[in-house]
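> Just need the structure, nothing else, for what follows:
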Amino acid sequence: MENVYGLLGFPVEHSLSPLMHNDAFVRLGIPARYHLFSVHPKQVSEAIAGVRALGIAGVNVTIPHKMAVIPFLDDIDDHARRIGAVNTIVNDNGRLVGYNTDGPGYVKALEEEMDVSLDGKRILLIGAGGGARGIYFSLLSTAAKRIDMTNRTVEKAEQLVREGGDGRSAYFSLAEAEARLDEYDIMINTTSVGMHPRVEAQPLSLERLQPGTIVSDIIYNPLETKWLKEAKARGARVQNGVGMLVYQGALAFEKWTGQWPDVNRMKQLVIEALRR
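Prediction:
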């Protein structure tokens, strides 16, 4: 009998998760199938009850349900609790446990794709929303020297830094951050600025960018944002959001099955789909 996995979100039709997971199930010989479940925000409790009642083995959770599912779970791990959001649920013999693989997936993608150790690095995080939270708290578990925040609304960056409670972090306005760009080894855009269809927008001016800086964007549509193109032209090393998408999925897959999928194969499938 096949195990059932899936994605809870609203909407979900655009998701590339079935492409990644179903291919991995086949390649690893796992009798399972991944489905998309469009869940209206008013039906989150019923959806989680359905996961229990139907014996669904595990689900991913995406916008707008990452916080809404938490009250209906039996437990969440410490990392997800600190972030305040769940993107992966494991059904452990009827006990539903929530995790968040977004931040760990991003950090793993950054380290492996860019062949970099974060030890001693000075990092600037752009944005203070949901995407930033998972990445920020994951970066705090590394040996980075600085993990600073900037955001259009400075108060949100300040709040996140205070929650982190880590002496390595400071917060700045966008203008202040732009004036300090030459201080950073790595810059990460966690906002949606530059995402299709508003592809001309950029989250931050790169005038003071130093050659060799790693410039990373969690956006993967388009595959190379205007911001990344300019950074590359200024001598930066650039990374798009495909790696985060793939690695957060791979970590969820491992939690469900105990097996690590072929991430290079996953990337290939995702990139081909995005190019189409």
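
> Tell me who's in contact with residue 47.
8, 37, 39 (CB atoms under 8 Å, 6 or more residues apart in numbering). Placement of C-beta: from N, CA and C, glycine included.

> Mind doing that once more with 10 Å?
6, 8, 10, 37-40, 56, 59, 61, 65, 68-69, 72 (CB atoms under 10 Å, 6 or more residues apart in numbering).

> Looks to me like it is in a helix.
Yes: applying DSSP: H, G, I helix; E, B strand; the rest coil, one finds residue 47 inside a helix.

> State the distance from it to residue 62.
12 Å (CB to CB, to the nearest Å).

> Also residue 206?
For residue 206, the distance to residue 62 - CB to CB - is 30 Å.

> ditto for residue 90
From residue 90 over to residue 62 (counting by CB to CB), the distance is 16 Å.

> ok, now residue 155?
Taking CB to CB, one finds residue 155 at 27 Å from residue 62.

> Compare the two (neighbour count), which wins?
Remark: of residue 155 and residue 62, residue 62 carries more neighbours, 18 against 10, as counted by other CB atoms under 10 Å.

> need the contact list for the more buried one.
Contact analysis of residue 62 by CB under 10 Å, 6+ apart lists 7, 8, 9, 10, 11, 12, 15, 17, 39, 87, 102.

> Over stretch 188-195, what's the mean pLDDT, rounded is fine.
The pLDDT scores in stretch 188-195 average 93.

> cool, and stretch 102-122?
97.

> Is residue 198 located within a strand, as I assumed?
No: assessed with three-state DSSP, residue 198 is coil; it does not lie in a strand.

> Wait, it touches residue 192, no?
Yes: using CB atoms under 10 Å, residue 198 is in contact with residue 192, at 8.2 Å.

> Counting neighbours, go ahead and name the busier of the two.
residue 192 (15 against 10).

> what sits against that one?
Contacts of residue 192 (CB under 10 Å, 6+ apart): 127, 129, 131, 198, 201, 203, 218, 219.

> Buried among these? Make that a ChimeraX selection.
Filtering these down to the buried ones (16 or more other CB atoms under 10 Å) takes a single ChimeraX command:
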select :127,131,203,218,219
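
> Out of the contacts of residue 192, flag the one nearest to residue 31.
Within the contacts of residue 192, the smallest distance to residue 31 is 33.0 Å, found for residue 218 (CB to CB).

> Let me know the pLDDT of the spatially closest residue to that closest one that is not a sequence neighbour.
Distance criterion CB to CB, 6 or more residues apart in numbering; nearest residue to residue 218, sequence neighbours excluded, is residue 241 at 4.2 Å. Residue 241 carries a pLDDT value of 96.
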